[in-house]
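Student: Got a sequence here, can you model it:
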Amino acid sequence: MINQLPAGVHISRWSGDKLLLLWTKVKDYAKIFSDDTRGDVEGWTRRMAAADTVTLEFPDGLLILSELRPGLKGSVHALFWDAKLRSHTDLVRSTILWAFFEYNLQRLSAEIPTFSRALRRWMTKDLGFTIEGVLRHDFWYQGELRDSIVLSLLREEVLNGN
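Tutor: Model prediction:
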């Protein structure tokens, strides 16, 4: 059993001024916000502070677990300040393994824009996520309806080292 986060990763508790400071850092990352969520500081802070959200802070970014249902599932969102996804692979894989044990997860999922090719490649090739399908016309981005890709990683895949 894995009962400790990897070195260099810690759970962050976000509230008040600390949350607003983080907002000033992430608000300009255009690809992480759709047209209807861009600039919505209240909605974003509410989601980040939700009881079913855990933010794991890395030296160069965040791994956000949301919609956590211990014993069943959760969603994952990754944001790294340096945009060098592959350099974070080992630490993220270890952290995902920890999350599966810590929350007894059976499934971890992600929804990413189809235009995020590097993120899709990293999540499938390096982290072992499987593409489940496409949500057509899922969100507005730069005035256009865009699609999202649904990915998942199952407990048995993580435990088997996939």
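
Student: Check what pLDDT the residue lying farthest from the centre of the chain gets.
Tutor: Note on the chain: the largest C-alpha distance from the chain mean falls to Gly143, namely 24.2 Å (CA atoms, centre = their mean). Gly143 is assigned a predicted lDDT (pLDDT) of 85.

Student: Could you report the separation of the residue nearest the centre of the chain from Leu108?
Tutor: Centroid-nearest residue in the chain, with CA atoms, centre = their mean: His77, separated by 1.1 Å. Plainly put, His77 is 11 Å away from Leu108 if you go by CB to CB, to the nearest Å. Using the backbone N, CA and C atoms, a C-beta is placed for each residue, glycine as well.

Student: How about Ala78?
Tutor: Taking CB to CB, one finds Ala78 at 12 Å from Leu108.

Student: Between the two, point out the one with more neighbours.
Tutor: Remark: of Ala78 and Leu108, Leu108 carries more neighbours, 24 against 21, as counted by other CB atoms under 10 Å.

Student: what about the strands in this structure?
Tutor: 10-12, 54-58, 61-69, 73-80, 107-113, 130-141, 144-154 (DSSP state E).

Student: Taking their axis directions, the last one and strand 73-80 sit at what angle?
Tutor: Interaxial angle, strand 144-154 versus strand 73-80 (axes from the mean of the first three to the mean of the last three CA atoms, to 10 degrees): 120 degrees.

Student: List the contacts of strand 144-154.
Tutor: 34, 96, 106-115, 120, 123-124, 127-140 (CB atoms under 8 Å, 6 or more residues apart in numbering).

Student: Just the buried subset of those, written out for ChimeraX, thanks.
Tutor: Filtering the contacts of strand 144-154 down to the buried ones (16 or more other CB atoms under 10 Å) takes a single ChimeraX command:
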select :34,96,108,109,110,112,113,120,123,127,128,129,138,139
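
Student: Any idea how far stretch 134-153 is from the middle of the chain?
Tutor: Its chain's C-alpha centre and that of stretch 134-153 lie 16 Å apart, by CA atoms, centre = their mean, to the nearest Å.

Student: quick one: terminal-to-terminal distance for it?
Tutor: 16 Å (CA to CA, to the nearest Å).

Student: Then stretch 102-109?
Tutor: 16 Å.

Student: Give me the contacts around that stretch.
Tutor: 2-3, 65, 68, 70-76, 96, 99-100, 132, 150-155.

Student: how does it look with 10 Å?
Tutor: 1-5, 11, 54, 65, 67-76, 95-96, 99-100, 127, 129-130, 132, 150-158 (CB atoms under 10 Å, 6 or more residues apart in numbering).
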